[in-house]
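[1] Attaching a predicted model along with its sequence, questions to come.
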Protein chains: 4
Amino acid sequence: MTDAPAPDALSHDLTSRDTYRYWTRDVVRFQDLDRVGHVNNIAFAVYCETGRVEFLEHVMPGSVSGHGVGWVIVKLTVDFRAQAHYPGGVEIGTHVLKIGRSSCILGTGLFKDGVCFGTAESVCVYTDIKASKGVALSDEHKAALQVYA
Amino acid sequence: MTDAPAPDALSHDLTSRDTYRYWTRDVVRFQDLDRVGHVNNIAFAVYCETGRVEFLEHVMPGSVSGHGVGWVIVKLTVDFRAQAHYPGGVEIGTHVLKIGRSSCILGTGLFKDGVCFGTAESVCVYTDIKASKGVALSDEHKAALQVYA
Amino acid sequence: MTDAPAPDALSHDLTSRDTYRYWTRDVVRFQDLDRVGHVNNIAFAVYCETGRVEFLEHVMPGSVSGHGVGWVIVKLTVDFRAQAHYPGGVEIGTHVLKIGRSSCILGTGLFKDGVCFGTAESVCVYTDIKASKGVALSDEHKAALQVYA
Amino acid sequence: MTDAPAPDALSHDLTSRDTYRYWTRDVVRFQDLDRVGHVNNIAFAVYCETGRVEFLEHVMPGSVSGHGVGWVIVKLTVDFRAQAHYPGGVEIGTHVLKIGRSSCILGTGLFKDGVCFGTAESVCVYTDIKASKGVALSDEHKAALQVYA
């Protein structure tokens, strides 16, 4: 996994809705709340997964099946930017920050009522799951990702 | 909590959409899947909570705050009726099966793509949370619940 | 699944530690707490799963793999008997309440600091997962379950 | 929160057990598994929370109550280093990487069967929760954290 690009110099503003062209919807569940009635930190990571998986399945159908060759997350960075409350919907924007030989970095923005309450970067490696080894992305794969870069 | 009605002789068909006049929406999350790619049994209980809390807050605002006097679940019965799959939305119907002195039984139907994949009964007691003691429902409360019985 | 035994006339006291000869351990996670700082209702169902899966794997190794023929839960009833708090361990007792042709009913007791805070009954069907059809338990299977009845 | 130290130049080896003097134990739950039978990425974040909360309550009792002044996580970075499997225990090491005016960075190591399967850095800010504003750590607080630096 040495070819995973470092998440540096990624100059996009992940807190701005304008950054995103791919959107996923989730719902704040009562179950997502912590002891103070705020959305808890784990739920932020779940919303990120919701957006990441739907996006990767959209650009490369079948690539999150968990079998054969598919995407594996190797690093997740979440910035908790504001409190979020129940009830209501979550809008999850996904943007491709970087495309590597066998990996990509996705940027995520979490929005509720128009406010960005969290952002994230996910380093994902396209992996031969049994061999636990990165697999080069084809030109078609790269082009499909590039649409959202 | 001795006044909690027993969930017997509840003759409504919880698998039928016609039973429900109150609906809540949730979303099947990738995180809800088990090792076979089906919605796992815990997620069924979470969807039931989603519907139950929204319903109780709708008919008695503030009653699920967790402070003062509010609803506490004392018994949950879930029937796992079919497999449910990712992705898609979940429609959650809530129906009042029984109203007691300080309690109620809610019936829940979980639907995806028009198919009922689970039903549940929740015995809820209106409780003085600090004293851990049931509190009689007012006539107004009972009338608000009765609308969905 | 018509041969699933009804959970009636199950005269065991699921709130007593003496009922159980099979024990599993879990831990109350900070993540299990609700808005009042109590263990939330979903966590009760998770602890039940923890005990149920470990027990079924113990008596019939490989039977919860999710592939081929294995156990599927068709009904779960949870009684929320007391509040449980963070931090600390959970002791989960499992007892076989009934053995059917292709099913069993497991009784579960959840204990913390010696106090029973929840009990449950799980109706499980031994199932050909692809065909979604019950499969008769062998005499060996029944004998393995009977040890804990 | 401008005084939150950047997680740079943190030269400790979070993958080594020798780095840690504070340890928390959790358990891999069946519920933590993904569709391939591996511990899913969200569970990594949950284990990190388990360790982080217990550590902060240990060094500053009451500081994770969610009321008044307490610790709030503002950034979480998780490195997914290996697959982890069910069943078994998780050992969670916590190390103080940096102490700021009103914040700290905690390093976390997740171990199973002696193998490090994940590491994390958590930027935590000591916060007046109602005012949503950082509060300076006292010398006593800093000394308590310093023990594990």
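    Right, received. Where do you want to start?

[2] how about A:Q31, secondary structure?
    At A:Q31, secondary structure determined by DSSP: H, G, I helix; E, B strand; the rest coil is helix.

[3] Sorry, wrong one. I was asking about A:E140.
    helix.

[4] before we move on, which element is the closest residue to A:Y20 other than its chain neighbours in?
    Nearest residue to A:Y20, sequence neighbours excluded (Cβ to Cβ, 6 or more residues apart in numbering or on different chains): A:G93, at 2.8 Å. C-beta: built from backbone N, CA, C; applies to glycine. If you go by DSSP states H and E, A:G93 is part of strand A:89-99.

[5] then the following helix or strand past that strand to CSV, C-alphas only?
    Where DSSP H and E defines the elements, the next helix or strand beyond strand A:89-99 is strand A:103-112. What follows is strand A:103-112 as a C-alpha-only set of coordinates in CSV (Å, rounded to 0.1, in the frame of the first residue of the first chain):
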residue,chain,number,x,y,z
SER,A,103,-5.8,4.1,-4.6
CYS,A,104,-7.8,7.3,-4.2
ILE,A,105,-8.5,9.9,-1.6
LEU,A,106,-12.1,10.9,-1.1
GLY,A,107,-13.2,14.1,0.5
THR,A,108,-16.5,14.1,2.4
GLY,A,109,-18.7,16.9,3.6
LEU,A,110,-21.6,16.4,6.1
PHE,A,111,-24.4,18.9,5.9
LYS,A,112,-27.5,19.4,7.9
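
[6] Show me what strand A:103-112 is packed against.
    If contacts are counted by 3 or more Cβ pairs under 8 Å, 6 or more residues apart in numbering or on different chains; DSSP states H and E, strand A:103-112 sits against helix A:41-59, strand A:89-99, strand A:115-128.

[7] Quick check: which helices or strands does the strand holding A:G93 pack against?
    strand A:22-27, helix A:41-59, strand A:103-112, helix A:139-146.

[8] roughly how far out does it sit from the chain middle?
    Between the centre of strand A:89-99 and the centre of its chain there are 6 Å (Cα atoms, centre = their mean, to the nearest Å).

[9] now do stretch A:52-60
    Centroid displacement of stretch A:52-60 relative to its chain, using Cα atoms, centre = their mean, is 9 Å.

[10] Tell me which residues are up against that stretch.
    A:22, A:24, A:63-64, A:71, A:73, A:94, A:106, A:108, A:122, A:124, A:141, A:144-145, A:147-148, B:30, B:87 (Cβ atoms under 8 Å, 6 or more residues apart in numbering or on different chains).

[11] what about the residue lying closest to A:A136 once chain neighbours are set aside, neighbour count?
    Excluding its sequence neighbours, the residue lying closest to A:A136 (Cβ to Cβ, 6+ apart) is A:S102, at 5.1 Å. Using other Cβ atoms under 10 Å in any protein chain shown, A:S102 has 19 other residues around it.

[12] Stretch A:59-79: which residues count as buried?
    Buried residues in stretch A:59-79, counting neighbours by 16 or more other Cβ atoms under 10 Å in any protein chain shown, are found at A:59-60, A:63-64, A:66, A:69-79.

[13] avg pLDDT for it?
    Mean pLDDT, computed over stretch A:59-79, is 92.

[14] returning to what we had before: settle this for me: the residue nearest to A:A136 is touching A:D128, isn't it.
    No - taking contacts as Cβ atoms under 8 Å, A:S102 lies outside contact range of A:D128: 9.7 Å.

[15] and the helices and strands packed on strand A:89-99, which is most packed in?
    Counting by mean count of other Cβ atoms under 10 Å in any protein chain shown, strand A:103-112 has the highest mean neighbour count of the helices and strands packed on strand A:89-99, with a mean of 25.

[16] Between A:S102 and A:D128, which contacts overlap?
    Shared contacts of A:S102 and A:D128, defined by Cβ under 8 Å, 6+ apart, comprise A:134-135.

[17] Take the helices and strands packed on strand A:89-99 and lay them out in TSV including distance to B:D18.
    Putting the helices and strands packed on strand A:89-99 into TSV (distance: least, Cβ to Cβ, whole Å) gives the following:
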stretch	distance to B:D18
strand A:22-27	25
helix A:41-59	32
strand A:103-112	34
helix A:139-146	44
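
[18] To D:Y47, which of those lies closest?
    For D:Y47, the closest of these is helix A:41-59, at 10.6 Å, according to Cβ to Cβ.

[19] So which bits of chain A are right by chain B?
    Residues of chain A lying close to chain B (Cβ under 8 Å from any Cβ of the partner chain) are A:25-27, A:29-31, A:46, A:49-50, A:53-54, A:64, A:87.

[20] Closest to C:D13 out of these?
    A:Q31 (31.1 Å).

[21] near chain C, anything from the helix or strand A:V74 falls within?
    Using DSSP H and E, A:V74 falls within strand A:69-80. No - interface with chain C: strand A:69-80 contributes nothing (Cβ under 8 Å from any Cβ), its closest point being 15.3 Å away.

[22] For chain D, tell me whether that strand is touching it.
    Yes - counting by Cβ under 8 Å from any Cβ, chain D has neighbours in strand A:69-80: A:72-80.

[23] Quickly run through the sheet partners of that strand, with directions.
    Note on strand A:69-80: by DSSP bridges, its sheet partners are strand A:115-128 (antiparallel), strand D:69-80 (antiparallel).

[24] Tell me the buried residues in stretch A:89-105?
    A:90-100, A:102-105.

[25] Out of these, which comes closest to chain B?
    Using Cβ to the nearest Cβ, A:V90 is the member of the buried residues of stretch A:89-105 that lies nearest chain B, at 9.5 Å.

[26] can the strands paired with strand A:69-80 go into a markdown table with extra columns for distance to A:V135?
    Listed next are those as a markdown table, based on distance: least, Cβ to Cβ, whole Å:
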| stretch | distance to A:V135 |
| --- | --- |
| strand A:115-128 | 5 |
| strand D:69-80 | 17 |
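
[27] A:L14 and A:H95 touch, don't they?
    Yes - counting by Cβ under 8 Å, A:H95 is a contact partner of A:L14 at 7.3 Å.
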